[in-house]
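Student: A structural model of the following input is requested.
(one chain, ligands or ions: 1)
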Amino acid sequence: MNRSIGIHDIEIGTTHHVVDLADLAVARGVDPDKFRIGLGQDQMSFPAPDEDIVTMGAAAARALLARTGADGVRTLLFATESGIDQSKSAAVFAHGLLGLGADVRAVELKQACYAGTAALQMALGIVARNPAEHVLIIAADVARYALDSAGEPTQGAASVAMLVSADPALLEIDPVSGVFTADVDDFWRPNDSSTALVDGKLSMSAYIDALLGAWDDLQARGGVTAADIAAFAYHQPFTKMAAKAQRRLAAHLGAELADDDLVAMSTYNRRLGNSYTASLYVALAALIDARADLDGRRVGLFSYGSGSVGELLTARVLPQGGREDRSARVSRMLDARAPLPIAEYERLHALSYPSGTDTETPRTTTGPFRFAGIRGGARQYEHIG
Ligand code: CAA
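Tutor: Numbers count the residues shown, from 1 in each chain. Predicted structure coming up:
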């Protein structure tokens, strides 16, 4: 019999700052309801100058490891779209900040927002090969579009850390998944650009094509049927996208899919904004934190990364404690963010730290790690708590 493998624990991190989308709407001369109702977004997290994917990701991982310990961790996988170096992985920076042993391998994975799921698949394979090993996954992103573009209200920033193990406490992942890959120019970010280029409408139809294609592949490979799935969690570039996706999936299946899960899984993402690789796993945490009735039942997880790769996983939620604790922690973290006036947000949006100049960043973050600046072309990080 196959051994149970899956997600043992999950933790969420975010940035020091937050932008209120009602303020952004006023500044852009748009009806605030377009963002609140039309996109389903209330706020977006925004990094301080001394924060990035490494500080956010390491902070979530530190909180996770404080509960689970690092014993058995032999691999650290870091999934991101917003990498901070073309060669050295964000995983190695995080490995150093977390004080992991030299016997823990570290690598970064990229395929737009899908890479968190690629990391999960890799982790499941590693644990299947040696069930004594644990894999630490960090998925962290800063979603960045040009000022005053259609994508601007769908920015955001967050991280998740997940421990993958045999006999997990939280979620047992089914061995069969559905996959859909298609070469499409819906969203990409050239090496010389700090903001994404996107064909918004194409990206939405490419997302739906990937969802339905991945579903059909799941069925063709003997995966679980719709009747076995109690709720779905989706990648959420903006939370309304999940509602559109669920409607299209229901029509494809000729079945009713209840809307309760949409509200539950959107609570964290409505306030974080898009977090690319982290987004689906933020939605998953919100769903299981809000729905104790899912214990022992199956959920469907849809991961989408523009360009494009989609994957539909199914998993059994294990009866577990701690959901109230995580929900309270996330609420406290979101409430504690410092609001950014729009003029200051625009200033920070334009800020960059070119590698050719030695710089020190201003001390702003209250997180446990900070990006201290550039020295000799190399990024410097430090512990602050
Ligand atoms: N009150 C209520 N609703 C309103 C409104 C108002 N006053 N004004 C407009 N709306 C509604 C519209 O009717 C529309 O709803 P429907 O889609 O249900 O019809 C919604 O608000 C959005 O309005 P528009 O379609 O006019 O919005 P837009 O064209 O300005 O921008 C967008 C929307 C294309 C998604 C843009 O935000 C964008 O480009 N975002 C980045 C790309 C993206 O997120 N794509 C998603 C799929 S790709 C992916 O998933 C990968 C990833 O993470 C990027």
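Student: mind listing what's buried in the strand or helix carrying residue 215?
Tutor: In this assignment (DSSP states H and E), residue 215 forms part of helix 200-220. Of the residues in helix 200-220, 203-204, 206-215, 217-219 count as buried by neighbour count, 16 or more other CB atoms under 10 Å. (Each C-beta comes from the backbone N, C-alpha and C, glycine too.)
Student: Check stretch 234-253 too.
Tutor: Counting neighbours by 16+ other CB under 10 Å, one finds that the buried residues in stretch 234-253 are 234-246, 248-250.
Student: before we move on, what about stretch 251-271?
Tutor: So stretch 251-271, judged by 16+ other CB under 10 Å, has buried residues 257, 261-262, 264-271.
Student: in the stretch 151-300 of the chain, which spans are strands?
Tutor: Taking DSSP state E, counting those that start in this stretch, the strands of the stretch 151-300 of the chain run over residues 156-166, 171-173, 178-181, 187-188, 197-198, 229-234, 298-305.
Student: who does residue 11 bridge with?
Tutor: With DSSP bridges as the criterion, residue 11 is bridged to residue 161.
Student: ok, it - contacts?
Tutor: Applying CB atoms under 8 Å, 6 or more residues apart in numbering to residue 11 gives the contacts 60-61, 63-64, 160-162, 326.
Student: Identify the farthest-apart pair in these.
Tutor: By the measure CB to CB, 61 and 326 form the most distant pair in the contacts of residue 11, at 14.9 Å.
Student: In terms of packing, which of these two has more residues around it?
Tutor: Set side by side, residue 61 and residue 326 show more neighbours around residue 61, with 30 against 18, by other CB atoms under 10 Å.
Student: quick one, what contacts the more buried one?
Tutor: Going by CB under 8 Å, 6+ apart, the list of residues near residue 61 reads 11, 94, 98, 136, 138, 161.
Student: Show me what the one helix or strand the fourth one maps to is packed up against.
Tutor: To tie it back to what came earlier, the one meant is residue 136. If you go by DSSP H and E, residue 136 is part of strand 134-143. When contacts are defined as 3 or more CB pairs under 8 Å, 6 or more residues apart in numbering; DSSP states H and E, strand 134-143 sits against helix 53-68, strand 73-79, helix 90-98, helix 115-129, strand 156-166.
Student: Partner strands of it, with direction?
Tutor: Strand 134-143 is paired, per DSSP bridges, with strand 73-79 (parallel), strand 156-166 (antiparallel).
Student: centre of the chain versus stretch 83-95, how much separation?
Tutor: Here the centre of stretch 83-95 is set off from its chain's centre by 17 Å, with CA atoms, centre = their mean, to the nearest Å.
Student: buried sites along it?
Tutor: In terms of neighbour count (16+ other CB under 10 Å), stretch 83-95 has its buried residues at 83-84, 89-95.
Student: now do stretch 135-147
Tutor: Buried residues in stretch 135-147, counted by 16+ other CB under 10 Å: 135-145.
Student: and if you look at stretch 177-197?
Tutor: 177-181, 184, 186-187, 189, 195-196.
Student: Just give me the closest of those to residue 171.
Tutor: Among those, and counting by CB to CB, the member closest to residue 171 is residue 177, at 13.6 Å.
Student: Let me see the backbone angles for that closest one.
Tutor: Backbone torsions for residue 177, taken as degrees, to the nearest 10, come to phi -130, psi 170.
Student: quick one, what contacts it?
Tutor: 121, 214, 218, 221, 223, 311-314.
Student: May I ask you to confirm that residue 28 is in contact with residue 152?
Tutor: Yes. Contact criterion CB atoms under 8 Å: residue 28 and residue 152 qualify, at 7.5 Å.
Student: So which of the two has more stuff around it?
Tutor: Using other CB under 10 Å, the more surrounded residue of residue 28 and residue 152 is residue 152, with 20 against 15.
Student: Wait, the more buried one touches residue 24, no?
Tutor: Yes. Using CB under 8 Å, residue 152 is in contact with residue 24, at 7.2 Å.
Student: The strands of the stretch 151-300 of the chain: which one's closest to residue 384?
Tutor: strand 156-166 (16.9 Å).
Student: Is there proximity between the closest one and the ligand?
Tutor: No. Counting by CB under 6 Å from any ligand atom, the ligand has no neighbours in strand 156-166; the shortest distance is 9.6 Å.
Student: Send me that strand as CSV with only the CA atoms.
Tutor: Coordinates of the C-alpha atoms in strand 156-166 are reproduced here as CSV (Å, rounded to 0.1, in the frame of the first residue of the first chain):
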residue,chain,number,x,y,z
GLY,A,156,0.4,42.0,-3.8
ALA,A,157,3.0,40.1,-1.8
ALA,A,158,3.1,37.0,0.4
SER,A,159,5.0,33.9,1.2
VAL,A,160,4.1,30.4,2.4
ALA,A,161,6.3,27.8,4.0
MET,A,162,5.2,24.2,3.9
LEU,A,163,6.8,21.1,5.4
VAL,A,164,6.2,18.0,3.2
SER,A,165,6.6,14.6,4.9
ALA,A,166,5.3,11.1,5.2
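Student: follow-up on the earlier one: closest to the ligand among the buried residues of stretch 251-271?
Tutor: Nearest to the ligand out of the buried residues of stretch 251-271 is residue 269 (CB to the nearest ligand atom; 10.9 Å).
Student: what pLDDT does residue 321 get?
Tutor: You'll see residue 321 listed with a pLDDT of 70.
Student: Please apply the same query to the one 4 residues further on.
Tutor: Residue-level confidence at residue 325 comes out at 91, pLDDT.
Student: Is it in a helix, a strand, or coil?
Tutor: helix (DSSP: H, G, I helix; E, B strand; the rest coil).
Student: what about it, neighbour count?
Tutor: 11.
Student: got it, and residue 353?
Tutor: Per other CB under 10 Å, the neighbour tally for residue 353 reads 17.
Student: Residue 103 is in contact with residue 75, correct?
Tutor: No. Between residue 75 and residue 103 there is no contact under CB under 8 Å: 10.3 Å.
Student: Those two: which has the busier surroundings?
Tutor: Legend: neighbour count by other CB under 10 Å for residue 75 and residue 103, higher for residue 75 (21 against 7).
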